[in-house]
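Visitor: when you get a sec, could you give me coordinates for this:
(chains A and B, ligands or ions: 2)
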There are 2 protein chains.
Amino acid sequence: MAKAPQNAISPTRADDYPEWYQQVIKAADLAEVSPVRGCMVIKPWGWSIWENMQSVLDGMFKETGHENAYFPLFIPMSYLEKEAEHVDGFAKECAVVTHHRLEPGPNGGLVPAGKLDEPLIVRPTSETIIGAMYAKWVQSYRDLPILINQWANVVRWELRTRMFLRTAEFLWQEGHTAHATAEEAIAETRQMLEVYADFAENYMAMPVIKGEKTSWERFPGASMTLSIEAMMQDRKALQAGTSHFLGQNFSKAQEIKFQSQEGTEEYAWTTSWGVSTRLVGGLIMTHSDDDGLICPPRLAPKHIVLLPIYRSDEERATVLAYVDQLNAELKRVQYHGAPIRVLVDDRDIRGGEKTWQHIKKGVPLRAEIGPRDVAGDSVFLARRDQSPKDKKGTPKAELVATITTLLDEIQANLYNRAKQLRDENSRTIDKLEDLVAYFTPKNSDRPEIHGGFAYCHCADDKAVEEELKKLKLTVRCIPIEGEDEPGQCIFTGQPTQRRAVIAKAY
Amino acid sequence: MAKAPQNAISPTRADDYPEWYQQVIKAADLAEVSPVRGCMVIKPWGWSIWENMQSVLDGMFKETGHENAYFPLFIPMSYLEKEAEHVDGFAKECAVVTHHRLEPGPNGGLVPAGKLDEPLIVRPTSETIIGAMYAKWVQSYRDLPILINQWANVVRWELRTRMFLRTAEFLWQEGHTAHATAEEAIAETRQMLEVYADFAENYMAMPVIKGEKTSWERFPGASMTLSIEAMMQDRKALQAGTSHFLGQNFSKAQEIKFQSQEGTEEYAWTTSWGVSTRLVGGLIMTHSDDDGLICPPRLAPKHIVLLPIYRSDEERATVLAYVDQLNAELKRVQYHGAPIRVLVDDRDIRGGEKTWQHIKKGVPLRAEIGPRDVAGDSVFLARRDQSPKDKKGTPKAELVATITTLLDEIQANLYNRAKQLRDENSRTIDKLEDLVAYFTPKNSDRPEIHGGFAYCHCADDKAVEEELKKLKLTVRCIPIEGEDEPGQCIFTGQPTQRRAVIAKAY
Ligand SMILES: [Zn+2]
Ligand SMILES: [Zn+2]
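Guide: Numbering: from 1, shown residues only, chains lettered A, B, ... in the order given. Ligands and ions are numbered 1, 2, ... in the order given. Predicted coordinates:
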């Protein structure tokens, strides 16, 4: 399979991975920076991926007994002050509303007026405001559990932003549940991690490691934080979803109390869990190549694009009639419970340019259809997970009959490729010098893609956090799956029960 | 049909309509005030209605060629200053972000820090920020039209708030389109009004009048504002959706320019259109009665609730097995393209209390199922649009076979009742004294429900606006449908071509 002499995306991944990422977003028309510092505009193609993600996740949340609701965008400043660790974690950088009016100013412009008695914070996360409502709603054990999710925008004033991965405003879902017992809340925390892992692997085609965060990487105020961690193509880790067991920390700060079946007064046990538009960034970085986005079929805005090719009006009529027919047939095919999403691109632009647009946008299948294909009752078919030059004449009937199989093959192929990359770049390391070497590029002037996931013994200790910081490394998580394997901390020699995953991270 | 001696909602509509509205919301568990001034919490039952509304509308927008996207929550203050009328309309009351950090304050609490160079406004509507992006995206006539919708939260600092109808933060969709010609933009404006009217009438079962706003009721900055107007049960008007032709006003302020096919530089013609969570308030006020919410089947969170009734463990087993069977059969029935939404309520609370909860929540159909019903292979069925006492033994097979017909009957009945109320309380009025009399209650101490829609000749003139204000009346719109009927303004005697609808309004 000959490699195309030139790629659609410049620079390539190997040349400059961060810049490649920005260029893929641009080439696929997914999003754009906005005039508002740190905020992005999500364009229709990018939004459609997020919409598909939302739809699948929402179904999974409902399937596991959750309901949606909506809570205010603003949080009174005093609410943030209630939970000490929480305020440390979120007060540093947040959008503060201090006025509720604009008035004409001295220079002809506007000035803020109508100062609020108490400033309002644009929610960075909603534990405090939702907890305040739960405190009202919960009186008796009969009122528990509360299993609520919210789809919302949140704001964290990030200094260094990156589209989808870290933006001042982002979109997410935040689940917030309250339970009568610790066991039930922990089971909920674990269940939602499984939901996230299921979604990441089976819809995003992104293999993930499920694990627990060290104490210093926990959500501010949580007793336990679980996460799913994925390896991007630059071998850095992306935290793709988190599920927190909050113990009674928030319920005590917010007075979420209930009368137990035995008549005693108890604090509820709460959880929270979330994934965000960051997932779109993870999808891009997991699958895309030097020709642009590759979208896993289960989340693709369109599954197939039909590209009519003709030179005369006569050819046009013949080809378009054939394309319409194929479009109708494809739309009657069900792919995982919904019709195949077909795009017909009959815009009047050059064929090559048009084809490359859809390659860059990551449409899983492309079917070129000219007069000869019509004559042969076939299409000229290309898969986005194969080389752009790898096109194959395919009988129309075969395409209609096998398109769901084809899409599932692409989906599986993307997963397997990502899994292989991760496996090839994961290793167990038992000596600090080997760890340092593993994360040191050969070429220090223009560092090549290097490192990966290092499985090390690593104590949950402040001293370890400091050492890792110096190396610009992080403990991603202590994986949940697999057997215990006692060992000694690579930094401090302390005994540990399981290996942790160490990596550079987004 | 005997009236129930007592009603579930107190006060009744006749006693105190505004308070009745609040009590219906509480009894149906739709929403609740939050600790944040003017912001509400939308609870799962209320959210589910909104979710169903979103789903239908989103399909209609896509059907008419629109795509979704997402733009920033914040608008730089200088953007609001660009369009003079727009700033007058929205700068008065809005949430102003002035700081991006909280720091420990002198008294142990937090204080805003990190002052922004330019304040940010939490979007009250997004014409300015979206227009700024369109200015970048549009260069040539080939880039037009742009047909984008956004689902978002917006904030307008309302002084007097009312759940769903007027809240500081609310949820909505805002369509924003740009076109090469005025004709095309006007056609878009009209098309979206038709979409809204279709939705209101065929899904909300809420009859509406489609019309054009007078100049003084236009959206700030618009050249033409169209709206749909519905009559609530207190005979006041609710503006339920608006569609604005913005002319070139915004494109000039924001430099949305393009090169025409002829090579000249032109300003684009833009539109915007929106509906919001206010629709949920309209739905409540249109259909609910003195026993609580009545939800039109097309938007109901659940179509039918199954209520098992038993006294012994033995009865329990028999009844629940039968209920499970019925549940499975009903879920296989398709109602307008999706499975019937069934709720089985087997909570351990008294049967009467349980039944009344579902009456208050407005579930269209209730089926009580006890041992005798099981023996007779039937259910005891009640419709929410009939008296709570009107229950009817119905063979199970008949229920399964006819449930979609029943639901459509309820849907039609709700529409017809609302239409009848509106027709009975609409009249043409040609003398000012008759208009005043029509809107004057007989009992001034405790005003009874009075007035309605008055069809009057009414000039689009500042003097008329002033007169109407004194009477606490508004021109809702000049209806689009029907023939011209020249006449003379009831206030000024000026000649007019069509009657306008005058009413008190929310
Ligand atoms: Zn800062
Ligand atoms: Zn104010």
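Visitor: so which bits of the stretch 401-506 of chain A are right by chain B?
Guide: Within the stretch 401-506 of chain A, no position is adjacent to chain B by CB under 8 Å from any CB of the partner chain. Where you see a C-beta, it was placed from the backbone N, CA and C, and this is true even at glycine.
Visitor: what ranges of the stretch 401-506 of chain A fall below the confidence cut-off?
Guide: Across the stretch 401-506 of chain A, nothing is flagged by pLDDT under 70.
Visitor: next one, pLDDT for the residue of the stretch 101-250 of chain A found nearest chain B please.
Guide: The stretch 101-250 of chain A approaches chain B most closely through residue A:102 (3.9 Å), counting by CB to the nearest CB. Predicted confidence (pLDDT) for residue A:102: 93.
Visitor: ok, it to residue B:350 distance?
Guide: 55 Å (CB to CB, to the nearest Å).
Visitor: who has more neighbours, the two?
Guide: residue A:102 (24 against 8; other CB atoms under 10 Å in any protein chain shown).
Visitor: hang on, the earlier thing: where's the residue of the stretch 101-250 of chain A closest to chain B, which helix or strand?
Guide: If you go by DSSP states H and E, residue A:102 is part of strand A:96-104.
Visitor: tell me the strands beside that strand, with direction?
Guide: Within its sheet, strand A:96-104 is paired with strand A:110-122 (antiparallel), strand B:96-104 (antiparallel), according to DSSP bridges.
Visitor: and the pLDDT at the residue in the stretch 251-400 of chain A that ligand 2 sits nearest to?
Guide: Proximity of the stretch 251-400 of chain A to ligand 2 (CB to the ion) peaks at residue A:254, 29.0 Å away. Residue A:254 carries a pLDDT score of 93 in this model.
Visitor: which SSE is residue A:349 in?
Guide: Going by DSSP H and E, residue A:349 is not part of any helix or strand.
Visitor: that older thread, so the residue of the stretch 251-400 of chain A closest to ligand 2 makes contact with residue A:129?
Guide: No: using CB atoms under 8 Å, residue A:254 makes no contact with residue A:129, being 9.6 Å away.
Visitor: residue A:197 - how many residues pack around it?
Guide: 20.
Visitor: immediately after the helix or strand harbouring it, which helix or strand?
Guide: Residue A:197 is part of helix A:182-202 when elements are defined by DSSP H and E. Once the chain leaves helix A:182-202, the next helix or strand it forms, by DSSP H and E, is strand A:209-212.
Visitor: number of nearby residues for residue A:291?
Guide: 21.
Visitor: find the residue closest to it in space, skipping its chain neighbours.
Guide: Leaving aside its sequence neighbours, residue A:291 sits nearest to residue A:8 (CB to CB, 6 or more residues apart in numbering or on different chains; 4.4 Å).
Visitor: any idea of the angle the top helix by length along chain A forms with helix A:182-202?
Guide: Looking across chain A with DSSP state H, the single longest helix is helix A:396-424. Helix A:396-424 runs at 120 degrees relative to helix A:182-202, counting by axes from the mean of the first three to the mean of the last three CA atoms, to 10 degrees.
Visitor: quick one, phi/psi of whatever residue of the stretch 151-300 of chain A ends up closest to ligand 2?
Guide: Using CB to the ion, residue A:155 is the residue of the stretch 151-300 of chain A that sits closest to ligand 2, at 22.3 Å. Phi and psi for residue A:155, reported as degrees, to the nearest 10, are phi -130, psi 130.
Visitor: contacting residues for it?
Guide: Counting by CB atoms under 8 Å, 6 or more residues apart in numbering or on different chains, residue A:155 touches A:94-95, A:122-124, A:168-169, B:73.
Visitor: beta partners of it?
Guide: With DSSP bridges applied, residue A:155 shows beta-bridge pairing to residue A:169.
Visitor: ok, residue A:366 - how many residues close by?
Guide: Per other CB under 10 Å, the neighbour tally for residue A:366 reads 23.
Visitor: avg pLDDT for the helix holding residue A:197?
Guide: For helix A:182-202, mean pLDDT is 98.
Visitor: alpha carbons of that helix, as CSV, please.
Guide: C-alpha atoms of helix A:182-202 as CSV (Å, rounded to 0.1, in the frame of the first residue of the first chain):
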residue,chain,number,x,y,z
ALA,A,182,-21.6,4.4,52.1
GLU,A,183,-21.7,1.0,50.3
GLU,A,184,-24.5,2.1,48.0
ALA,A,185,-22.7,5.4,47.2
ILE,A,186,-19.5,3.5,46.4
ALA,A,187,-21.3,1.1,44.3
GLU,A,188,-22.8,4.1,42.4
THR,A,189,-19.3,5.6,42.0
ARG,A,190,-18.0,2.3,40.5
GLN,A,191,-21.1,1.8,38.3
MET,A,192,-20.7,5.2,36.6
LEU,A,193,-17.0,4.5,36.0
GLU,A,194,-18.1,1.3,34.2
VAL,A,195,-20.6,3.3,32.2
TYR,A,196,-17.8,5.7,31.1
ALA,A,197,-15.4,2.9,30.3
ASP,A,198,-18.2,1.2,28.2
PHE,A,199,-18.8,4.4,26.4
ALA,A,200,-15.1,5.2,25.7
GLU,A,201,-14.3,1.7,24.5
ASN,A,202,-17.5,0.7,22.6
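Visitor: so which helix or strand takes in the residue of chain A positioned farthest from its centre?
Guide: In chain A, residue A:314 marks the outermost C-alpha relative to the chain mean, sitting 47.1 Å out by CA atoms, centre = their mean. Residue A:314 belongs to helix A:313-331 when assigned by DSSP H and E.
Visitor: in a helix, that's where the residue nearest to residue A:291 is, yeah?
Guide: No: if the criterion is DSSP: H, G, I helix; E, B strand; the rest coil, then residue A:8 is coil and not within a helix.
Visitor: is chain B contacted by the helix or strand of chain A with the lowest mean pLDDT?
Guide: Ranked by mean pLDDT, DSSP states H and E, the helix or strand of chain A with the weakest confidence is helix A:84-90, at a mean of 78. Yes: applying CB under 8 Å from any CB, one finds that helix A:84-90 is in contact with chain B at residue A:87.
Visitor: wait, does that helix contact ligand 1?
Guide: No: Helix A:84-90 lies apart from ligand 1 when judged by CB under 5 Å from the ion; the minimum separation is 12.7 Å.
Visitor: just how off-centre is that helix within its chain?
Guide: On the basis of CA atoms, centre = their mean, to the nearest Å, helix A:84-90 sits 24 Å off its chain's mean C-alpha point.
Visitor: then stretch A:260-278?
Guide: How far stretch A:260-278 lies from its chain's middle: 25 Å, per CA atoms, centre = their mean.
Visitor: who's in contact with residue A:277?
Guide: A:42, A:50, A:164, A:167, A:170-172.
Visitor: actually residue A:228, not the one I wrote
Guide: Contacts for residue A:228 (CB under 8 Å, 6+ apart) come out as A:193, A:196-197, A:200, A:208-210, A:239-241.
Visitor: the same query, at a cut-off of 7 Å, please.
Guide: Listed by CB atoms under 7 Å, 6 or more residues apart in numbering or on different chains, the contact partners of residue A:228 are A:193, A:196-197, A:200, A:208-210, A:240-241.
Visitor: PyMOL command to pick out the buried ones of the residues you listed?
Guide: Buried residues within these, by 16 or more other CB atoms under 10 Å in any protein chain shown, are selected in PyMOL with:
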select buried, chain A and resi 193+196+197+200+208+209+210+240+241
